[in-house]
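Engineer: fold the following.
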Amino acid sequence: MTMTEKILARASEFGEDAKVWDREKLVIIPDHYIFTSDERANRNVDILRDFCNEQNIMYFYDIKDLGNFKANPDYKGVCHVTLAQEGHCRPGEVLLGTDSHTCTAGAFGQFATGIGNTDAGFVLGTGKLLLKVPPTLRFVMDGEMPDYLLAKDLILQIIGEISVAGGTYKAMEFVGSTVESLSMEERMTLCNMVVEAGGKNGVVPADSTTYKYLEDKTSVPYESVYSDGQARFLSEYKFNISKLEPLVAKPHSPDNRALARECKDVKIDRVYIGSCTGGKTEDFMAAAKLFLAAGKKVKVPTFLVPATQKVWMDVYSLPVPGSGGKTCSQIFEEAGCDTPASPSCGACLGGPKDTYARMNEPKVCVSTTNRNFPGRMGHKEGEIYLASPYTAAASALTGFITDPRDFLQ
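Structural biologist: Prediction:
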């Protein structure tokens, strides 16, 4: 080290012997590029492990055996779903994460946003970060949610309305009777994709649904906060959800909104159900519900990637309502889907060429994921239509983009 380096290192909180500011407030979760033979991807996890051991990090969800994810008791899967399932999401708190979809946790009434690696370094060392307070866009959604819609349709409607730049460095607050009726997992879907509108964070006011979800997940005290009567919003948007129809986002942008029924002539090659957006337990339950109602087999390869170990277990153990006790996995098998894969981010962001379900050829895919830019799921000439699990499942049965009402009504 030079003189200058040594002087500044001694005066700072960083350097070779630096310690994280609080080993109990850091959560480290491997989830990208996990089940691959790519040496550099595997090395990333090894480096994480060495760091966590050195720093004695309390919450490190490690994976060592790539051949059998179930042999790793600490491994969870996709970080944004894991954070919720493991009780790390709490109302009124600040959550910063090195992934843009950290905003998912806003569903719990907390400020959650993605940050870059440089900012993350300062957070690791000091527990602090300079943030500009974003102005807030308010989205009021009222009306009874039709039984053929899911939260994915709601957020595609919003992004289509304001564009992928409409929420740039703004908070997006979701309120109204429709939002209040949503489960926690559906609220997570809603907040998950605010970053696709450029949003800094998404947030839903905590209520009895939130508190019920957290009952068996955390004993850490928290304090909810709410917008007051004098709060000033940059803009307010109102939607009557009872009139909304199933939607897709056509290639190559999440704001390229269209009605699913308007795309009925689009022939597809595959369907992908998974990711932090569309790989939660309720997402698979929705797909299974539609397959059960249809009683048909899929006409295109249909890939299933549970977000976490818990979701994977739910797919194999929880009975689907109205099925006579059948689980999602049994219904998927009867419908001819691929066997549910090991939980991870999977092909949502492409990854190494041996990533499960990666598009290595220019295919047309209906996906429950969050982005459809060129190359997002692999091949640069691939076409991705973003959709809800209902619409994805319906499309799998026909080989064309299909409105789920064709099977649910």
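Engineer: the bottom helix or strand of the protein by mean pLDDT?
Structural biologist: helix 3-11 (a mean of 71; mean pLDDT, DSSP states H and E).
Engineer: what does it contact?
Structural biologist: Residues outside helix 3-11 that contact it (CB atoms under 8 Å, 6 or more residues apart in numbering) are Met1, Gly15, Glu16. For glycine as for every other residue, the C-beta is placed from the backbone atoms N, C-alpha and C.
Engineer: pLDDT wise, what is Glu13 at?
Structural biologist: In this model, Glu13 is scored at 64, pLDDT.
Engineer: let me fix that: Glu282
Structural biologist: Glu282 is given a pLDDT of 98.
Engineer: look up how far Leu318 lies from it.
Structural biologist: Plainly put, Glu282 is 10 Å away from Leu318 if you go by CB to CB, to the nearest Å.
Engineer: tabulate the contacts of helix 3-11 (a markdown table), appending secondary structure.
Structural biologist: Putting those into a markdown table (DSSP: H, G, I helix; E, B strand; the rest coil) gives the following:
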| residue | secondary structure |
| --- | --- |
| Met1 | coil |
| Gly15 | coil |
| Glu16 | coil |
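Engineer: any idea which of those residues is closest to Leu137?
Structural biologist: For the contacts of helix 3-11, the minimum distance to Leu137 (CB to CB) is 41.7 Å, reached by Gly15.
Engineer: neighbours around the closest one, how many?
Structural biologist: By other CB atoms under 10 Å, the residues close to Gly15 number 14.
Engineer: Thr369 now?
Structural biologist: Quick note: Thr369 (other CB under 10 Å) scores 27 neighbours.
Engineer: who has more neighbours out of Glu282 and Leu318?
Structural biologist: Counted by other CB under 10 Å, Glu282 and Leu318 do not tie: Glu282 has more neighbours, with 19 against 15.
Engineer: can you classify the more buried one by secondary structure?
Structural biologist: Strictly by three-state DSSP, Glu282 counts as helix.
Engineer: excluding its backbone neighbours, what's nearest it?
Structural biologist: The spatially closest residue to Glu282, leaving aside those adjacent along the chain, is Glu185, at 4.5 Å (CB to CB, 6 or more residues apart in numbering).
Engineer: where do the strands of the stretch 101-250 of the chain begin and end?
Structural biologist: Taking DSSP state E, counting those that start in this stretch, the strands of the stretch 101-250 of the chain run over residues 111-114, 136-142, 171-175, 201-203, 235-240, 247-249.
Engineer: off-centre distance for the first one?
Structural biologist: This means strand 111-114. Chain-centre distance of strand 111-114: 13 Å, with CA atoms, centre = their mean, to the nearest Å.
Engineer: CA atoms only: put that strand into CSV for me.
Structural biologist: Taking Å, rounded to 0.1, in the frame of the first residue of the first chain, the C-alpha atoms of strand 111-114 are listed here in CSV:
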residue,chain,number,x,y,z
PHE,A,111,-39.0,0.8,1.9
ALA,A,112,-37.1,-1.7,-0.3
THR,A,113,-35.0,-0.9,-3.3
GLY,A,114,-32.1,-2.3,-5.3
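Engineer: now the helices for this structure?
Structural biologist: For the chain, applying DSSP state H gives helices covering 3-11, 39-55, 79-85, 117-126, 151-162, 177-181, 184-192, 208-214, 275-278, 281-294, 309-317, 328-335, 389-398, 405-408.
Engineer: and the most centrally placed residue in the chain, what does it touch?
Structural biologist: Central residue of the chain (CA atoms, centre = their mean): Cys276, 2.3 Å from the mean position. Applying CB under 8 Å, 6+ apart, we find Cys276 in contact with Val78, Cys79, His80, Val81, His101, Thr104, Asn192, Ala307, Cys345, Cys348, Asn370.
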